[in-house]
Structures are given as C-alpha cells and as structure tokens.
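Asks: starting from these lines, generate the structure:
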Amino acid sequence: MRKFLGTSLLTLASFGFALVAAEVVLRWTGIVPGRGGVVTVTSTEFEQIPGIFGPNQDTVVNQIPQLRYRVHINNLGYRGENFSSSKSDGEFRILFVGDSGVFGDFVGDRDSLPAQTERALDSRCNGLLRVINAGLGGSTITEHTKIVERSLSLNPDLVILQFSENDVRDLAGAAMWDELARNRRAKSTFPLSLAYPYLRDTALWHLALRAVATIHERRVTAKVSEDQQDEGDTARPETQAVGRDKRAETDQYRLQYQERLIDLRTSLNANGIPMIMTVMPSHHSVYGHGESDQLDWLGRLTRELKIDTVSFLPVYRDDGRDETELYLLPYDGHTSPAGYQIAAQQLAERLITYELLSEHCSN
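Replies: The predicted structure is shown next:
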C-alpha cells in the first residue's frame, strides 16, 4: 500500500512539474502567452449580463504574432468601453451584430467596424449615439438571433446585422450557441469551477483553446475544399450526383438562414426596432472581380424581403488600394483598420439619411 501511494504521489508530482515546465516554456518563448485570449461568460455571468463574453477583460491576443492586438471587454460583456445598461436621455443606441468582422479580429478596439462607425457618426449626432459591438467570431445567424434577443434589455433603437460570405457555410457545422452552453456548464461545474478562474489565465489553457479552434478550422477548410472539388467535377458523369447533393445541401442551409433571418426581423418588428443589414465581402470577391455566389444570393434575398442593405463590395472595389492595405494579408484574410474605415464612412453616410436618426444627426 505504501509503495502504491508513493508511486502515485511521485506520478502526480512529475505530472505537476511537467505542467509547470510547459507553462514556463510557452510564456518564455511567447508561443502562447498567459491572458492571451478572450473568454466567454460562466453560467452565473450569463444570468447577470446580456453580453456573451466574461466582463471586465483587458488582454492582448497573440494568436498570430504579426497581428498582435489588445481587446477590452466591458462591464456588460461586449467589446469596447464600459457603459450603463440603461439609456440616458436622448441617447440613440445601435446594436451591431455579426461574426469576427464585427468583433474586429486582429485589430484594436478603436479600429473595429462598430467603433469606427460610432466615430464617423459622433460629430454629426450630438455625441449621444452609441454603437454596441455585439460581434462574436465564428458565429452565424443562429447565434446572431440569440445575441439580439439577449441584448434587447439594452433598448437598442436600431439593429445592424452583418452578413459574411461564410455565414451560410457555418450553418453546416455544430451550432456554436450549443457549444457555448456546454462550455458554460463545464467551467461552472465542480471541480473545474474551482480551477477555472486560475486556468483561464494560463498559456496551457489558451493552447488547448487554440488547438480546438485549429481542428475546427481544418475540418471546415477540408469540407470547403471537398465542395469545390465536387463542383469542379460535376461535368463527369460519375460525380454529377455528388454535385447535385452538394447544391441541395447549400440550398438547405440557405433556406435555414432565410427562415432565421425572417424570425429575427419578425421579433424586432414586434419590439418596434428597425433592422438593416451590411455585407462584408472577402478579398476574393473584391480583388477576384468575380461576383460571389453567396453575395448574389443574399442580395436577392434582402430585396425580396425588403430589408435595407448596405454592401461594402462596390466601395472596396472602387477604392483602388492594394489588397494588403484593405485586408490583413498575407497573415490573415480579415479586414484591416483601413478597410473598416472605408466601410464605416459608407455606413455612416447611409445611416444619417434615415428618418429615425433625424432628431439626433445632421445631414
């Protein structure tokens, strides 16, 4: 028995030493720093605040060393500066919802699209306009609908929903909202609930999160490559049936997106809140100068549903700057601060023409 206990204690001590050594190496090399990522809410926080991120975070994200950036999550679980859950007299609130193109992956707080839109409007709107960054990387219409629902307690006067070209494709994967719920339960359940406040700041924890994200991205990339291969092979008789199946699958997810978009608009109409959509194109659509099938489909859908839409594709194409200036290429395909500035200026010009902003903004 003593020998067994001694062996067990030695094994645990060796394991603990290995973890500490790994943590030190990861931090010393800078491969994965502690406090290197944004974490989502616990179950308790989920009941207390409307945002999906853990409140009061200030961290530097080093996912891509060349694109190191700082993120501040405010008191209500959204990216940006703190603000009160209740509106002040005369304040106009815009809830900006979407994926990483709204959150602002790889750019600072002030360079995100919601932040730049607020600044573009601020001088013309009596300083009483607030744009709430409710972006969530990797999300799609399923999560956007839930985020809007939770954010109605902030009494937004307008909701902006951004469409990215991968939003339809993302419906094919596991629902992020369900994954977030499982994550909340896991880190709020004993014994992880005791260790989580300490684990969340370790490099090993963020390495694990990065590994999970990488595996997910590789699966999505493999699926996209397979789809593209199938589309290219549809001319061959033996693959025509596969091509038809893939097109049917795309139509299925487009129908899901359409149904959830209609549900979201219906919910907002019931609350007397107008909605507009923005469209963020990929650099492939902007510089390939070939119309994106997804953007074409979204355009037809919003015209059919009579949803006012602002597409950034034309202004990006007309800008004339190299793709490495409007996007974070060659390191990442997300939009750059300069790209967001162009989009923010176009969006602001459109917004101030709306009657609902006439009391707050001057043309």
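
Asks: separation between Arg68 and Asn62?
Replies: Taking CB to CB, to the nearest Å as the measure, Arg68 and Asn62 are separated by 5 Å. Glycine gets a C-beta too; all of them are placed from N, C-alpha and C.

Asks: could you list the domains of this structure?
Replies: Listed domain ranges for the chain are 1-31, 80-172+181-357 (source: automatic domain parsing).

Asks: how far is the longest one from where the chain is centred?
Replies: Spelled out, that is domain 80-172+181-357. 6 Å (CA atoms, centre = their mean, to the nearest Å).

Asks: I'd like the average pLDDT over it.
Replies: Per-residue pLDDT values over domain 80-172+181-357 give a mean of 85.

Asks: can you check the first one too?
Replies: Domain 1-31 comes out with an average pLDDT of 55.

Asks: Arg68 and Asn62 - which one has more neighbours?
Replies: Neighbours per residue, other CB atoms under 10 Å: of Arg68 and Asn62, the larger number sits with Asn62, 19 against 14.

Asks: where's the more buried one relative to Ile160, distance?
Replies: In terms of CB to CB, Asn62 sits 30 Å off from Ile160.

Asks: and if you look at Leu67?
Replies: 25 Å.

Asks: for these two, indicate the residue with more neighbours.
Replies: Comparing Leu67 with Ile160 by other CB under 10 Å, the one with more neighbours is Ile160, at 25 against 16.

Asks: surely that one touches Ile276?
Replies: Yes: contact criterion CB atoms under 8 Å: Ile160 and Ile276 qualify, at 5.7 Å.

Asks: quick one: Val131 is in a strand?
Replies: Yes: applying DSSP: H, G, I helix; E, B strand; the rest coil, one finds Val131 inside a strand.

Asks: going forward, begin numbering at 821 instead of 1
Replies: Let's use 821 as the start, then, which means that last one is Val951.

Asks: can you show me the helices along the stretch 821-970 of the chain?
Replies: Assigned by DSSP state H, counting those that start in this stretch, the helices in the stretch 821-970 of the chain fall at 822-849, 863-868, 920-923, 933-942, 961-971.

Asks: repeat that for the stretch 1021-1170 of the chain.
Replies: Here the stretch 1021-1170 of the chain has its helices, by DSSP H, counting those that start in this stretch, at 1023-1052, 1057-1090, 1103-1108, 1113-1125, 1133-1139, 1143-1146, 1157-1171.

Asks: I'd say Met1100 and Ser984 touch.
Replies: Yes: counting by CB under 8 Å, Met1100 touches Ser984, with 5.2 Å between them.

Asks: give me the common contacts of the two.
Replies: Counting by CB atoms under 8 Å, 6 or more residues apart in numbering, the common neighbours of Met1100 and Ser984 are Gly918, Gly921.

Asks: so who does the residue nearest to Ala992 when sequence neighbours are not counted touch?
Replies: Leaving aside its chain neighbours, Ala992 sits nearest to Tyr1073 (5.9 Å; criterion: CB to CB, 6 or more residues apart in numbering). If you count contacts by CB under 8 Å, 6+ apart, Tyr1073 has them with Val988, Arg989, Leu991, Ala992.

Asks: how much space is there between Tyr1073 and His964?
Replies: 15 Å.

Asks: ok, now Thr1144?
Replies: From Thr1144 across to His964, the span is 30 Å (CB to CB).

Asks: more neighbours, those two?
Replies: Neighbours were counted for Thr1144 and for His964 using other CB under 10 Å; His964 has more, 26 against 12.

Asks: what about the nearest residue to that one once chain neighbours are set aside, distance to Leu978?
Replies: In this structure, His964 finds its nearest non-sequential neighbour in Val917, 4.8 Å apart by CB to CB, 6+ apart. Per CB to CB, Val917 is found 11 Å from Leu978.

Asks: between these two, tell me which one has more neighbours.
Replies: Remark: of Val917 and Leu978, Val917 carries more neighbours, 27 against 20, as counted by other CB under 10 Å.

Asks: quick check: closest non-adjacent residue to Met1173.
Replies: To be clear, residue 1173 is Thr; Met isn't right here. Nearest one to Thr1173, counting by CB to CB, 6+ apart, is Asn1183 at 6.9 Å.

Asks: neighbours around that neighbour, how many?
Replies: 8.

Asks: now do the contacts for it.
Replies: The contact partners of Asn1183, by CB under 8 Å, 6+ apart, come to Arg944, Ile1172, Thr1173.

Asks: what helix or strand is the last one located in?
Replies: Using DSSP states H and E, Thr1173 sits in no helix or strand.

Asks: wait, doesn't Val891 sit right on Arg899?
Replies: Yes: in this structure Val891 lies within contact range of Arg899 using CB under 8 Å: 6.4 Å.

Asks: neighbour count for the two, which is higher?
Replies: For the pair Val891 and Arg899, the greater number of neighbours falls to Arg899 (24 against 21), based on other CB under 10 Å.
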